[in-house]
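Visitor: sequence below, structure please.
(2 chains)
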There are 2 protein chains.
Amino acid sequence: MSRVRVLIRPKAGILDPQGQTVERALPALGFEGVSNVHVGRLVELDVEDPAQVPAMCEKLLANPLIEDYEIQ
Amino acid sequence: MSRVRVLIRPKAGILDPQGQTVERALPALGFEGVSNVHVGRLVELDVEDPAQVPAMCEKLLANPLIEDYEIQ
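Guide: Residues are numbered from 1 along each chain as shown, chains lettered A, B, ... in the order given. Next up is the predicted model:
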């Protein structure tokens, strides 16, 4: 069993409304100097065969049309 | 400016329905040997002052009652 972490992000050029909302909300809470905010998903799982993880990402964990994934 | 990554996860013992759903869906797609699946959020941002990030997590990015966060 190995523990795998998958980071899933909106592709460049795809709208990221959660990121925009966070970026607008932070100055209102007194946090200045923040930019380029992106919100994605984090999936962590124990797998017997880490070679299967890219296929899991393509088929279930991410939407490859609009999201990029990074396996760690 | 430094690029900061925040990983946000459900606290241990807190229900993780997204993780449970993924864990049940993977065998149906032919992926066996997967367990302990957790789904969280990923926030990446450019900040002028990285020392402010823990306060951002406490006030906006995470819900500290039910989520843990890890700053990278």
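Visitor: would you map the strands across chain A?
Guide: A:2-10, A:34-47, A:67-71 (DSSP state E).
Visitor: could you say which of these is packed most deeply?
Guide: strand A:34-47 (a mean of 19; mean count of other C-beta atoms under 10 Å in any protein chain shown). C-beta coordinates here come from the backbone N, C-alpha and C atoms, glycine included.
Visitor: which bits of chain A sit near chain B?
Guide: For chain A, the residues in contact with chain B (C-beta under 8 Å from any C-beta of the partner chain) are A:1, A:3, A:7-9, A:19, A:22-23, A:25-26, A:29, A:31-49, A:52, A:55-56, A:59-61.
Visitor: what residues of stretch A:21-30 count as buried?
Guide: A:22, A:23, A:25, A:26 (16 or more other C-beta atoms under 10 Å in any protein chain shown).
Visitor: can the strands of chain A go into TSV with extra columns for mean pLDDT?
Guide: Formatted as TSV, these follow (pLDDT from 0 to 100):
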stretch	mean pLDDT
strand A:2-10	97
strand A:34-47	97
strand A:67-71	98
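Visitor: okay, the ones you listed in CSV with distance to residue B:71 next?
Guide: What follows is those, written out as CSV (distance: least, C-beta to C-beta, whole Å):
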stretch, distance to residue B:71
strand A:2-10, 15
strand A:34-47, 13
strand A:67-71, 18
